[in-house]
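**Student:** please work out how this folds:
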Amino acid sequence: MGATGDRSLLRAGERVLLVDAKQRRYLLGLRPGATFHTHVGIVAHDDLIGVSEGSTVLGSTGRRFLVVRPTLAELVLKMPRGAQVIYPKDLAAILMEADIAPGQRVLEAGVGSGALSMALLRAGAGVVGYELREDFADRARANVAALVGDDASYRIELRDVYEGIDERGLDRVVLDLPEPWRVVPHAEAALRPGGILCAYLPTINQTSQLRLALEASRFGLPSTLEVLHRTWHVEARSVRPDHRMVGHTGFLTTARLLVPPAGAGDGPAGE
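**Tutor:** Alright, predicted model coming up:
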């Protein structure tokens with residue numbers, strides 16, 4: 001069997017997504033001999049192990065279930081979590097706005113349940129996480145290991161980023177915490193010239209305070225945006241926007257660490 005066929009086969013230990021006839025989604029880890037119970041029937045894990053991704057299987061009541069591997073977006077929304085995760089639409093924007101690329105060294109502060117960590121690692125970056133809560137750190141490690149394995153370039157330190165950053169020469173600093181303006185001076189010391197700071201915040205008041213701190217720093221080229229996500233209903237002649245959408249979830253602010261012009265002194269970048 002070719003390599004493509006091998007990759008399509010579902011194996012024990014993998015996470016898969018079951019989708020029923022009403023498009024309800026169920027995330028489960030495959031274990032030999034186990035069963036998954038829903039209100040429309042029972043699905044045996046052994047009926048899933050070894051089949052190709054994209055197959056349809058029958059439950060105990062004859063109901064059909066589609067089985068696929070979850071995308072990162074689906075996994076983020078369904079995985080076990082303690083802290084609120086960053087929504088997939090914002091994860092995608094962070095990867096683009098922060099220009100995350102393979103081989104970069106990234107500091108993430110406030111790892112929560114590990115959703116952002118997984119997105120950064122899948123993009124090829126090496127990640128150091130600062131997290132205050134040990135239960136959040138343990139949950140993030142478990143979620144990351146389930147997605148990318150134990151060999152990922154990933155470690156979490158139980159420490160307060162407001163008190164400083166030990167790393168130097170970082171490519172990116174990505175923040176998901178309430179007061180990122182307190183991290184700006186530490187990020188100046190930790191990032192390489194041209195490195196990007198990226199902060200995710202729920203309110204415009206917090207965002208405004210961050211922008212004021214950036215103006216008084218060596219960061220320049222600041223930008224703030226939010227992402228609104230609307231799906232469409234497409235069925236025969238009924239083609240229209242869905243009645244519900246994912247509106248505001250957070251503000252995303254980025255800025256780049258600049259080298260002050262010769263003779264510019266210690267003032268804000270660009271003065």
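**Student:** start and end of stretch 86-102, how far apart?
**Tutor:** 21 Å (C-alpha to C-alpha, to the nearest Å).
**Student:** and the contacts of that stretch?
**Tutor:** With contact meaning C-beta atoms under 8 Å, 6 or more residues apart in numbering, stretch 86-102 is reached by 72-73, 76-77, 106, 112, 115-116, 119-120, 123-125, 172, 174, 176, 196, 198, 200, 223, 225, 227, 229, 246, 249-250, 252, 254. Where you see a C-beta, it was placed from the backbone N, CA and C, and this is true even at glycine.
**Student:** same question, stretch 210-223
**Tutor:** Applying C-beta under 8 Å, 6+ apart, the external contacts of stretch 210-223 come out as 97, 180-181, 184-185, 187-188, 197, 199, 201, 224, 253-260, 268-270.
**Student:** which of those fall within helices?
**Tutor:** Of the positions in those, Glu97, Val184, Pro185, Ala187, Glu188 sit in helices, assigned by DSSP state H.
**Student:** how close does the closest residue to the third one other than its chain neighbours sit to Gly194?
**Tutor:** The shortest distance from Pro185 to any residue that is not its chain neighbour, by C-beta to C-beta, 6 or more residues apart in numbering, is 7.2 Å, and that residue is Ser217. In this structure, Ser217 and Gly194 are separated by 15 Å, where distance is defined by C-beta to C-beta, to the nearest Å.
**Student:** can you pull out the helices in the stretch 151-271 of the chain?
**Tutor:** 184-190, 204-215 (DSSP state H, counting those that start in this stretch).
**Student:** farthest pair within the ones in helices among the contacts of stretch 210-223?
**Tutor:** Taking C-beta to C-beta as the measure, the ones in helices among the contacts of stretch 210-223 span a maximum distance of 21.9 Å, between Glu97 and Pro185.
**Student:** need the contact partners of stretch 129-137.
**Tutor:** Identification of contacts with stretch 129-137 by C-beta under 8 Å, 6+ apart yields 82-83, 107-113, 117, 140, 154-161, 165.
**Student:** for the strand or helix carrying Tyr26, which outside residues touch it?
**Tutor:** Assigned by DSSP states H and E, Tyr26 falls within strand 25-29. Applying C-beta under 8 Å, 6+ apart, the external contacts of strand 25-29 come out as 13-20, 36, 38, 45, 70, 74-75, 78-79, 146.
**Student:** that one: partners in the sheet, and parallel or antiparallel?
**Tutor:** Sheet partners assigned to strand 25-29 using DSSP bridges are listed as strand 15-19 (antiparallel).
**Student:** who touches Val68 in this structure?
**Tutor:** Going by C-beta under 8 Å, 6+ apart, Val68 touches Val16, Leu17, Val19, Glu53, Gly54.
**Student:** I'd like to know how far it sits from Arg7.
**Tutor:** Distance, Val68 to Arg7, using C-beta to C-beta: 13 Å.
**Student:** could you do Thr71 as well?
**Tutor:** As judged by C-beta to C-beta, Thr71 and Arg7 stand 15 Å apart.
**Student:** just the element for the most centrally placed residue in the chain, please.
**Tutor:** Nearest to the geometric centre of the chain sits Leu116, at 2.7 Å (C-alpha atoms, centre = their mean). Taking DSSP H and E as the criterion, Leu116 maps to helix 115-122.
**Student:** in that helix, what's buried?
**Tutor:** Across helix 115-122, burial judged by 16 or more other C-beta atoms under 10 Å covers Ala115, Leu116, Ser117, Met118, Ala119, Leu120, Leu121.
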